[in-house]
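Q: requesting a structural model of the entry that follows:
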Amino acid sequence: MIAESTFENLGVSIGGKLVYCADSIGLDLSTDEIEASCKRSGKDKNYLPGSRSATAKADGVMTTATNDASGDGATDATDNVTSENIIDSWQAGTIFDFTFGSDKEGEAKYACKGFFTSVSLSASVGDVGKYSTSIRLNLPLVKTINPA
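A: Residues are numbered from 1 along each chain as shown. The predicted structure is shown next:
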């Protein structure tokens, strides 16, 4: 039986900390193609898989976490990555531990190293600010299954 993973069970972690207030996450995997056609192929082209690459993205609401973890909706700056941390990591060129996947028991998550290649911040008068990031991943992705 295949269980459904919803957004509430998926997340991106950077350095072991969940990206705080991410409302959209993504993982893009690609493989270069090597043409392996020969005369015997005729007009049909043949290909082999080549180098692989991976990028990820996390978009969300700009926040400043506090160390007050009491009450509804409170946050803990110790356990979350905020937009401020993202800017600092980008500026420093920090290579961090990256994890993409579910926190549900029995489901998979993938880990590797990564760094921010772009960070975009925007805000309108009277609105909450937003951030958008692109993360280059250093392969391979290491798969683990969450324990029961």
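Q: how about the helices in the protein?
A: Assignment of helices within the chain using DSSP state H yields the ranges 83-92.
Q: which stretches of it have low pLDDT?
A: 1-12, 20, 63-80 (pLDDT under 70).
Q: repeat that with 90
A: For the chain, applying pLDDT under 90 flags the ranges 1-26, 37-43, 58-89, 94, 96-109, 111, 121-133, 146, 148.
Q: can you give me the strands in it?
A: With strands called from DSSP state E, the chain shows them at 10-14, 17-19, 22-35, 47-61, 80-81, 96-102, 108-122, 130-145.
Q: for those, which one sits closest to residue 41?
A: strand 22-35 (9.7 Å; C-beta to C-beta). Where you see a C-beta, it was placed from the backbone N, CA and C, and this is true even at glycine.
Q: put the alpha carbons of the closest one into CSV.
A: Output in CSV follows, covering the C-alpha atoms of strand 22-35 (Å, rounded to 0.1, in the frame of the first residue of the first chain):
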residue,chain,number,x,y,z
ALA,A,22,8.7,27.4,4.1
ASP,A,23,5.5,27.3,2.1
SER,A,24,7.0,25.7,-1.0
ILE,A,25,9.8,23.3,-1.4
GLY,A,26,11.2,21.4,-4.4
LEU,A,27,13.9,19.1,-5.6
ASP,A,28,15.1,19.0,-9.2
LEU,A,29,17.3,16.1,-10.4
SER,A,30,18.8,15.9,-13.9
THR,A,31,21.1,13.7,-15.9
ASP,A,32,23.1,14.8,-18.9
GLU,A,33,22.7,12.7,-22.0
ILE,A,34,25.7,11.2,-23.9
GLU,A,35,24.9,10.4,-27.5
